[in-house]
Every structure is written in C-alpha cells, then in structure tokens.
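Visitor: next comes the sequence, and after it the predicted model I'd like to discuss.
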Amino acid sequence: MIDDDFSWLAAVMHFSDGVLPVGAYAHSLGLEGVVQTGMVKSGDELETFLLRDVSDSLLWVDVPLVAHAWRACESGQLALLHELDELCWAARPARQLRESASKIGRQQWRVYQQTWARDAGLPDIDWVYHQSPVVLGCLMHHQGAPVAAACWSFVYQTYSAFLQAALKLLPIGPRLTQEVLQRALREIRPQLAEAMHRELDEIGSFNPVWDLAAAQHEGAKARMFIS
C-alpha cells in the first residue's frame, strides 16, 4: 500500500512519462535544425550538446521558472503565473521554440484537467501562452509534489524528449540514449538547488547557434519534426 505522503509521486511519474500524449513526440525542440547544420552528427556530439547547451537552458530558464510557478501557487499569487508565462515566452528567441513550449504546455494542462484534476478543484487560470515550465510547476504543486520533484520532472522530460528525437535523426541506438540520459541527469543534479532559487532578473540564456538552427529549421525544404 502506498503511503499517502507519497500520493503525489503517481502524478509526477505520469507527467514525466514520454508516452504522455502532450505532443512532445512531434517536436525535436530545435535538435533537427542543429543536426541539419552539422553541429551534431554523432552520439558524442549529442551528449556534448545536451550537457552544455540544453543543460544551460534548463538551469538558467526552465528550472527557475518551474520553481517560481510552484511557489506562486504555494503563496496563492496566481496573477504572478501570467508574468512567469510571459517571461518564459520572451526568454526563447526562436519562434519555433516558443510555440513548441506553448503547444506542449497547453496539452499538458488539458490532459491534467481531464485526468488528475477532474475532481480536485483546479484553480481557474487564464493562461496567455501555456508555456510548459510554468504549467508543469503549477500542476505539480496542485498534486502536492515538492518543488524539487517538479523541477526534476521537467529536467527528465526535456532530456528524454531530445533523446527520443535523436533516435530518428542520428545513427544511434536506444542503449546509447539511456547511457547519455543517465550521465546528463547525474551531471545536472548538483546544480539544481541553485537553479531553483534563481531570481527572476537572473533568468535568461544565450545560445545563438541553437536559436539560429531552430529558426532556419522553420524554412527547411524537408523536415521530420514541427520544431
């Protein structure tokens, strides 16, 4: 029998699962554009991209926003969620990356409304962009999950989404992706506590190669993913 103190764990596992139908499978989150530029051609280069570029974005944009959204719900500052939603949108220079975060977040919210929140009195939040880090922070708080669990869930989702896309874009296999996933999670773990306490005016990341690759992908003659 599961202890009631860990009842939130079921929702965290559900929303960290790659098979959750939130549309993430249709997005490479810019990876396809990066592969098309020739910046990532192998498993080693993919790992470098994840540990350097993706981790930087997680630590300076996404994880802080998940934590701020969780705390806004904890303190009842639901109006602050709109500001965080707008900040998250503005922090992504490439249109494809902004829109993919909104599409995934919108689907997350709808799935949550129709499942875990059906009888749980979910607050009525008038989202503007449905940016996924802010949405996830909110719904994880609603489930009673600790803020660290919410942030860890988003990190796992992000790495997993990139690696699932990489299986279709690069000559690598499932075993390698699991090895890379474990190393990425191990590397980022010691940095999460600091990231969760970043001030709003510290949030931001600069990665022109990734942003330009994502922007170029929009006009590519052939592509496998929406973003």
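Guide: Arrived safely, thanks for sending. Residues are numbered from 1 along each chain as shown.
Visitor: and residue 141, how many neighbours?
Guide: Applying other C-beta atoms under 10 Å, we find 21 residues neighbouring residue 141. Bear in mind the C-beta positions are built from the backbone N, C-alpha and C, glycine included.
Visitor: got it, and residue 7?
Guide: 12.
Visitor: again with residue 34
Guide: Around residue 34 there are 25 other residues, counting by other C-beta under 10 Å.
Visitor: please apply the same query to the one 10 residues further on.
Guide: Burial measure for residue 44: 12 neighbouring residues, criterion other C-beta under 10 Å.
Visitor: any idea which element it lies in?
Guide: In the assignment (DSSP states H and E), residue 44 maps to helix 43-49.
Visitor: so which elements touch that helix?
Guide: Where contact means 3 or more C-beta pairs under 8 Å, 6 or more residues apart in numbering; DSSP states H and E, helix 43-49 is packed against helix 174-188.
Visitor: in the helix it packs on, which of the residues would be classed as buried?
Guide: 176, 177, 180, 181, 184, 188 (16 or more other C-beta atoms under 10 Å).
Visitor: just after the helix holding residue 44, pick out the following helix or strand.
Guide: Taking DSSP H and E as the definition, the helix or strand right after helix 43-49 is helix 55-57.
Visitor: mind checking the SS state of residue 130?
Guide: Look at residue 130: counting by DSSP: H, G, I helix; E, B strand; the rest coil, its state is coil.
Visitor: isn't it up against residue 99?
Guide: No - judged on C-beta atoms under 8 Å, residue 130 makes no contact with residue 99 at a distance of 10.4 Å.
Visitor: name the residue in these two with the higher neighbour count.
Guide: residue 130 (21 against 17).
Visitor: so the closest residue to residue 126 other than its chain neighbours versus residue 14, what's the distance?
Guide: Spatially, and ignoring its direct neighbours in sequence, residue 126 is nearest to residue 82 (7.7 Å; C-beta to C-beta, 6 or more residues apart in numbering). Separation of residue 82 from residue 14 (C-beta to C-beta, to the nearest Å): 26 Å.
Visitor: same check on residue 113?
Guide: Relative to residue 14, and taking C-beta to C-beta, residue 113 is found at 14 Å.
Visitor: give the buried residues for whatever helix or strand residue 32 lives in.
Guide: Per DSSP H and E: residue 32 is located in helix 31-37. For helix 31-37, a neighbour-count test (16+ other C-beta under 10 Å) marks 31, 32, 33, 34, 35, 36 as buried.
Visitor: where does the protein dip in pLDDT?
Guide: Residue ranges of the chain with pLDDT under 70: 1-4, 18-27, 117-121, 216-227.
Visitor: pretty sure residue 64 is touching residue 204, no?
Guide: No - if you go by C-beta under 8 Å, residue 64 and residue 204 don't touch, sitting 9.7 Å apart.
Visitor: what residues are up against residue 31?
Guide: Contacts for residue 31 (C-beta atoms under 8 Å, 6 or more residues apart in numbering) come out as 40, 49, 162, 165, 166, 169, 225.
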